[in-house]
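>>> Everything below, folded, please.
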Amino acid sequence: MYATEPGRRTMKRASKTIRLCVATAALLVCCLAGGPALADGVAWDTLSPEQQQVLGRFAGEWESLSPEKQQRLERGAARWLRMGSEEREKAKERMERWKKMTPEKREKVRERYERYKNLPPEERERLKEARKRFRNLPPDKKAELKERWKKMTPEERERFRERLLQDSTR
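Next comes the predicted model:
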């Protein structure tokens with residue numbers, strides 16, 4: 001009986017050691033799994049000199065920005081640098097309009113954009129075509145449609161949208 005007791009102690013110690021190793025390995029896996037998310041940020045010195053110039057106002061705080069924001073800013077700077085001067089002017093105008101919006105209006109715009117992104121590609125294409133047709137209307141016709149739109153109830157607006165979408169498929 002005493003001969004087996006040391007064997008049990010050894011087994012218990014081995015079992016504890018194994019559990020400790022498994023727990024340590026699990027902890028390491030969790031830490032390493034989180035590691036790439038942190039490493040996905042964009043180092044300031046990896047940006048091109050042109051991108052650094054575009055993003056200059058963020059230089060002092062770059063390291064404290066989230067990796068997601070760094071990536072968004074990097075993509076935005078790259079897109080800006082690919083734009084022609086006319087496109088840049090339009091982008092500046094849109095940014096000015098955005099800055100002037102109330103937080104509530106911005107939220108509505110974001111919600112509409114999310115709904116748009118979730119539409120099937122065919123429906124998005126129909127909406128683009130309808131918008132293009134509207135933009136090509138004479139100014140007086142546009143003004144008339146805008147005025148009618150303002151006077152519509154939500155139900156009338158929905159029927160109008162459906163009619164527009166149906167017309168664009170013909």
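>>> The most centrally placed residue in the chain: which element?
Centre of the chain computed as the mean C-alpha position; nearest residue by Cα atoms, centre = their mean is residue 72, 7.9 Å away. With elements delineated by DSSP states H and E, residue 72 resides in helix 67-82, which encompasses its position.
>>> I'd like the next helix or strand past that helix.
Past helix 67-82, heading to the C-terminal end, the next element that is a helix or strand (DSSP H and E) is helix 85-100.
>>> any idea of the mean pLDDT in stretch 128-142?
Model confidence over stretch 128-142 averages 90 on the pLDDT scale.
>>> From the chain's centre, how far out is that stretch? Work that out for me.
Stretch 128-142 sits 29 Å away from the centroid of its parent chain (Cα atoms, centre = their mean, to the nearest Å).
>>> residue ranges with poor pLDDT in the chain?
With pLDDT under 70 as the threshold, the chain has low-confidence stretches at 1-39, 165, 167-170.
>>> what ranges do the helices span in it?
Listed in chain order, the helices of the chain (DSSP state H) span residues 4-39, 49-54, 67-82, 85-100, 103-117, 121-135, 139-151, 154-169.
>>> Tell me the spacing between the residue nearest to residue 55 when sequence neighbours are not counted and residue 65.
Spatial nearest neighbour of residue 55, excluding adjacent residues (Cβ to Cβ, 6 or more residues apart in numbering): residue 77 at 5.2 Å. Heads up, the C-betas are built off the backbone N, CA and C, glycines and all. Residue 77 sits 13 Å away from residue 65, going by Cβ to Cβ, to the nearest Å.
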